[in-house]
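Student: Quick check, what structure comes out for this input:
(one chain, ligands or ions: 1)
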Amino acid sequence: MKQLRIAIIGYGFMGRAHSNAYRKVNNFFDLEYEPFLKAVCARSGDKAVAFAKRWGYESVETDWRRIIERDDIDAVDICTPNNTHAEIAIAAAKAGKMILCEKPLSMDGPEGVKMVKAVEKAKVPNMVWYNYRRVPAVTMAKKLIEEVRLGKIFHYRAKFLQDWTISPDLPQGGAGLWRLDAKAAGSGVTGDLLAHCIDTALWLNGGMESVSAMTETFIKQRKHTLTGKVTKVEIDDACAFLARFKNGSLATFESTRYARGHKALYTFEINGEHASIFWDLHDLHRLQYFDHKDEGKLRGWRSIHVTDHGGEHPYMDKWWVPGLQIGYEHSFIHQVADFLESLSTGKPAGPTFRDALETQYVCDAVLSSAKKGSWQKVKAVGR
Ligand SMILES: NC(=O)c1ccc[n+]([C@@H]2O[C@H](COP(=O)([O-])OP(=O)(O)OC[C@H]3O[C@@H](n4cnc5c(N)ncnc54)[C@H](O)[C@@H]3O)[C@@H](O)[C@H]2O)c1
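Tutor: Numbers count the residues shown, from 1 in each chain. Modelled structure (predicted):
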């Protein structure tokens, strides 16, 4: 088996999710490559050592630049806050490393363009962790759309709701709270949560033409963890937007961190001429499907438990017996499996940096529309 020597930068939420995926992938997928956990990088040496011990990394670095300089590393996995992605990715590409980068790709479109140019100039395999594409029920939705079962698509409807920033006492910035600091996150729910909804939508329903958005920052000032000073909050706490897709369909997207009672309610619904699809992250193994071609007296929404074998239900033949479900962590295992497979086939595993730039352009148009109060065209990504 060929080894892919990986260095992971950042050991937070995603550092754990990816490390878990690297450790498990070859136990379930037959692949030519296997990840070798070469190094973990984080600024706190002690914490990095503890992380390395727990997850089985061979070495530790406290400056990501050291990772880039090392010639015993093939791939760099960027699991740090959004404002660090570009600098690390561009340096890694220049050093000829493969790059797996967390989402959103960048702080904005122009920064994303530089990243795309860097990986394409260096011709290094690259991928962005929009992991929801690899939830089997979501992958199956893609399959059903490709089989033209829905016919012409009229509507796309997505939302991603949370409730963890309602308290005005919650500070902004620093470890764990960088998402509330626009300098680290770039934006609020738009780049954090809606980026997921947008990536899935572009994948399932094609390109977006134009958007009209509104955003709100409900808590205007918060104490900054790093400075201790009360400063203006510059992220969007909530965002809702309308969109027109290139295929003529109309869409609505909504995201907030102020929906009391909701922790991570990501849902989407697609309505086509012949059929409709609905998916809910809280019930992630199910795909709701309505087919108007069904016999009249039996016609209704089916709740498909996407856990069957035989290649019919994506990825599921790699897991347990039919009917037994998998969960959130598996979307990352699937993504690693597809990335490793892509090294054997030479066919890129999406979303690549270029694919993820399209999501960035939609986010830019959404934020610009909310600011200007008018419809905005979505910039096209050259192919
Ligand atoms: N795909 C998904 O579903 C998903 C989910 C959560 C987060 N994310 C993305 O993953 C990235 C990380 O988010 P998270 O939730 O893991 O954050 P986190 O706060 O849990 O972890 C961030 C890590 O980065 C480290 N770090 C920060 N600056 C660094 C630097 N200069 N050098 C080295 N290490 C540094 C921190 O010490 C921490 O270990 C973000 O871009 C986020 O948008 C994606």
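Student: Would you mind listing the residues in contact with residue 270?
Tutor: Contacts here follow Cβ atoms under 8 Å, 6 or more residues apart in numbering; on that basis residue 270 touches 141, 145, 150, 153, 155-157, 204-205, 276-278. Placement of C-beta: from N, CA and C, glycine included.
Student: so what's it scoring on pLDDT?
Tutor: Looking at residue 270, its pLDDT reads 98.
Student: what does residue 309 give?
Tutor: The model's pLDDT for residue 309 equals 86.
Student: Contacts only, for the residue of the stretch 1-150 of the chain found nearest the ligand.
Tutor: Shortest the stretch 1-150 of the chain-to-the ligand distance, computed as Cβ to the nearest ligand atom: residue-wise this is residue 12, at 2.0 Å. Under the criterion of Cβ under 8 Å, 6+ apart, the neighbours of residue 12 are 79, 176.
Student: From residue 51, how far off is it?
Tutor: To residue 51, residue 12 is 10 Å away according to Cβ to Cβ, to the nearest Å.
Student: swap in residue 26?
Tutor: Taking Cβ to Cβ as the measure, residue 26 and residue 51 are separated by 21 Å.
Student: residue boundaries of the strands in the stretch 151-300 of the chain?
Tutor: Remark: strands assigned in the stretch 151-300 of the chain by DSSP state E, counting those that start in this stretch are 153-161, 208-216, 221-223, 230-232, 238-245, 250-256, 265-272, 275-280, 286-291.
Student: closest one to the ligand among these?
Tutor: The closest approach between the ligand and any of the strands of the stretch 151-300 of the chain, judged by Cβ to the nearest ligand atom, belongs to strand 265-272 at 9.7 Å.
Student: Keeping just the C-alphas, turn that closest one into PDB.
Tutor: Listed in PDB are the C-alpha atoms of strand 265-272, where the atom choice follows Å, rounded to 0.1, in the frame of the first residue of the first chain:
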ATOM      1  CA  LEU A 265     -30.900  22.100  11.500                       C
ATOM      2  CA  TYR A 266     -29.700  21.800   8.000                       C
ATOM      3  CA  THR A 267     -32.500  20.900   5.600                       C
ATOM      4  CA  PHE A 268     -33.000  21.200   1.900                       C
ATOM      5  CA  GLU A 269     -36.000  20.600  -0.400                       C
ATOM      6  CA  ILE A 270     -36.000  20.400  -4.200                       C
ATOM      7  CA  ASN A 271     -39.200  20.500  -6.200                       C
ATOM      8  CA  GLY A 272     -39.200  19.200  -9.800                       C
END
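Student: got the angle for it vs strand 275-280?
Tutor: Calculated by axes from the mean of the first three to the mean of the last three Cα atoms, to 10 degrees, strand 265-272 forms an angle of 180 degrees with strand 275-280.
Student: is any part of strand 265-272 close to the ligand?
Tutor: No - no part of strand 265-272 sits close enough to the ligand to count as contact by Cβ under 6 Å from any ligand atom; the gap is at least 9.7 Å.
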